[in-house]
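In: Need a 3D model of the following:
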Amino acid sequence: MINKDLIENYHYEKLNKYHDLSKFSCCVKDLDEFLKEDAYNQQEKNLNVTYLAIYKDEVIGYVSLLTDKIKCKQIDKSIQSEYESYPAIKIGRLAVNEKYKGLGLGNKILASISELIKEISEEVGVSFITVDAYCNARKFYLKNSFKQKRIHNSEKLKRKSQRDETTSIFMYKHIKKVKIT
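Out: Residues are numbered from 1 along each chain as shown. Here you go, the predicted model:
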């Protein structure tokens with residue numbers, strides 16, 4: 001069964017200039033353009049690092065990571081402390097090839113990257129995972145235990161996101177909520 005084989009046998013490779021990205025499409029123009037036009041150049045400038053999910057020599061997804069910080073006023077009041085901000089690692093982009101959507105691959109990539117970030121937090125101070133999630137991906141992150149700052153005018157946000165698919169919402173997950181499998 002290809003679904004099980006794919007989910008169990010893909011691997012990650014750090015993006016390099018020799019990867020063939022021409023066949024990748026997640027059908028979100030901004031995400032496709034980032035991977036094909038910006039990711040490697042930004043990586044060379046130490047702005048982020050992009051990891052490709054590869055299955056049988058095909059790019060089936062990717063995730064781009066960078067450092068971040070989260071201000072206390074952006075998060076749930078129950079987490080507040082004497083600190084003004086906390087260190088974080090941001091998911092800059094996460095996408096799955098359109099061909100493989102609906103197989104749970106996005107969840108699997110997010111879980112494995114979250115586990116990696118948790119492992120990093122044991123060596124370097126990291127308290128949160130952050131993401132500026134496109135509105136159409138908001139439910140995906142909520143389902144994966146991310147929280148969002150309260151939305152004051154959801155109708156306005158909905159209209160804006162219909163005009164611009166790159167409209168985003170700041171979301172976060174405390175590193176302590178990440179489970180290692």
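In: The longest strand along the chain: partners in the sheet, and parallel or antiparallel?
Out: Using DSSP state E to define each element, the chain has its longest strand at strand 58-71. Note on strand 58-71: by DSSP bridges, its sheet partners are strand 49-55 (antiparallel), strand 85-96 (antiparallel).
In: Compare the ones you listed and give me the one nearest residue 119.
Out: strand 85-96 (11.2 Å; CB to CB). For the C-beta atoms, the positions are set from N, CA and C on the backbone; glycine is no exception.
In: For the closest one, which outside residues touch it?
Out: The contact list for strand 85-96 (CB atoms under 8 Å, 6 or more residues apart in numbering) reads 26, 28, 31-32, 34-35, 39, 48, 50, 53, 60-72, 105-106, 109-110, 113, 117, 120, 125-132, 172.
In: most packed of the strands paired with strand 58-71?
Out: strand 85-96 (a mean of 22; mean count of other CB atoms under 10 Å).
In: Export that strand to CSV, keeping only CA atoms.
Out: Extracted as CSV, the C-alpha positions of strand 85-96 are listed here (Å, rounded to 0.1, in the frame of the first residue of the first chain):
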residue,chain,number,x,y,z
SER,A,85,9.8,37.3,25.5
TYR,A,86,10.8,33.7,25.0
PRO,A,87,13.1,32.0,22.4
ALA,A,88,11.3,30.1,19.7
ILE,A,89,11.9,28.3,16.4
LYS,A,90,9.6,29.4,13.6
ILE,A,91,8.2,27.2,10.9
GLY,A,92,8.6,29.6,8.0
ARG,A,93,6.9,27.5,5.5
LEU,A,94,5.5,23.9,5.4
ALA,A,95,4.0,22.4,2.3
VAL,A,96,3.0,19.0,0.9
